[in-house]
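J.: The sequence and its predicted three-dimensional model are supplied below.
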Amino acid sequence: MKIPPVWSARILVGVVMVINVQSAIAFLMDPVRYAPAYELIGIPGKAAIQGFGILFMMWNVPYAVAFFNPFRHRISLYEADIMQLIGLIGETFIYIGLPPGNLILKDSLLRFMIFDGLGLLVLLLATIIVRVNYQRE
């Protein structure tokens, strides 16, 4: 049985969105666990990580819209692609700009770079499915 293109694209967007939302919830619910990975401590570190969680939730709006119907809401899918690319590029520049040392921070950034790179590939695959099949839907 062949999966309809709209569902293929929806599943791909959904995978990235679910992982993003899971990260947001983890940062919001247990910020103390994640603060040391960014060399943050105390109340300011907790608040900063919770702020990241809120930002992650905000950034997922176009993913959710694209997930609802990636064919009808192609612009949201394109926005998600661009957001994912901006994240990867930004994290890469931060990583490159860190002085020697800061290994814990570098490891944390590297995890984000890997996730955003893989997420970008998954989203681009969804975009290709939408572009190739748009006229058929």
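T.: Right, received. Where do you want to start? Numbering: from 1, shown residues only.
J.: wait, what's in contact with the closest residue to residue 50 other than its chain neighbours?
T.: Nearest residue to residue 50, sequence neighbours excluded (CB to CB, 6 or more residues apart in numbering): residue 31, at 4.8 Å. The C-beta positions use only the backbone N, C-alpha and C, and glycine is treated the same way. Residue 31 makes contact with 45-50, 53, according to CB atoms under 8 Å, 6 or more residues apart in numbering.
J.: Just the buried ones from those residues?
T.: Among the contacts of residue 31, those scoring as buried are 45-46, 48-50, 53 (criterion: 16 or more other CB atoms under 10 Å).
J.: Considering those, which is situated nearest to residue 9?
T.: Using CB to CB, residue 53 comes nearest to residue 9 of the buried ones among the contacts of residue 31, at 26.9 Å.
J.: you'd agree residue 34 is up against residue 27?
T.: Yes - Residue 34 is within contact range of residue 27, at 5.8 Å (criterion: CB atoms under 8 Å).
J.: what do those two both touch?
T.: Common neighbours of residue 34 and residue 27 (CB under 8 Å, 6+ apart) are residue 49.
J.: Grab the nearest non-local neighbour of the most centrally placed residue in the chain.
T.: The C-alpha lying nearest the average C-alpha coordinate of the chain belongs to residue 20 (CA atoms, centre = their mean; 5.0 Å). Excluding the flanking residues, the one nearest residue 20 by CB to CB, 6+ apart is residue 60, at 5.2 Å.
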